[in-house]
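Colleague: Model the structure of this input:
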Amino acid sequence: NNKVFFQGISIDQEMKPIEVSKDEALAFRRQHGEACEAWDKGDGQWFVRLKKGAQIWVPKALQFDRLVAGQIPTGWDPKRYGLPPDIVDQVDPVTLFV
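Modeller: Next comes the predicted model:
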């Protein structure tokens, strides 16, 4: 079961220019500010170059072996915290943990 998270990466050197549309070039400039150069070559071709220090987000696939949002740590025992055994037996373990 794979889930995708995005990891921020900081560029440590100036990147080569890439050709993009005008809208994409302006969006890059808005997002990265001084860490991005965007220019029109003059014939309608737009290019973007990310400079050192620009922050990009790349997908990072992680393997998950659990299908629940919250879990109780292995070995956790509510009786250690002084809860009476009759309450422990009657109440859901997640409720006791929270």
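
Colleague: In the chain, what residue spans correspond to helices?
Modeller: 22-32, 85-90, 93-97 (DSSP state H).

Colleague: just those: most buried one?
Modeller: helix 22-32 (a mean of 15; mean count of other C-beta atoms under 10 Å). Using the backbone N, CA and C atoms, a C-beta is placed for each residue, glycine as well.

Colleague: May I have that helix exported as CSV, CA atoms only?
Modeller: What follows is helix 22-32, C-alpha atoms only, in CSV (Å, rounded to 0.1, in the frame of the first residue of the first chain):
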residue,chain,number,x,y,z
LYS,A,22,4.3,32.1,-20.4
ASP,A,23,1.8,31.2,-17.6
GLU,A,24,4.1,28.6,-16.2
ALA,A,25,7.0,31.0,-16.3
LEU,A,26,5.1,33.6,-14.3
ALA,A,27,3.9,31.0,-11.8
PHE,A,28,7.5,29.9,-11.3
ARG,A,29,8.5,33.5,-10.7
ARG,A,30,5.7,34.0,-8.2
GLN,A,31,6.5,30.9,-6.3
HIS,A,32,10.3,31.2,-6.2
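
Colleague: Please enumerate residues in contact with it?
Modeller: Helix 22-32 is contacted by residues V20, C36, A38, W39, D40, G44, W46, F47, V48, L50, A54, Q55 when judged by C-beta atoms under 8 Å, 6 or more residues apart in numbering.

Colleague: Can you report how many residues lie near the fourth one?
Modeller: Think W39. 13 (other C-beta atoms under 10 Å).

Colleague: Would you check that it makes contact with W46?
Modeller: Yes: here W39 lies in contact with W46, judged by C-beta atoms under 8 Å, at a distance of 7.1 Å.

Colleague: beta partners of V20?
Modeller: V20 has these beta-bridge partners by DSSP bridges: W46.
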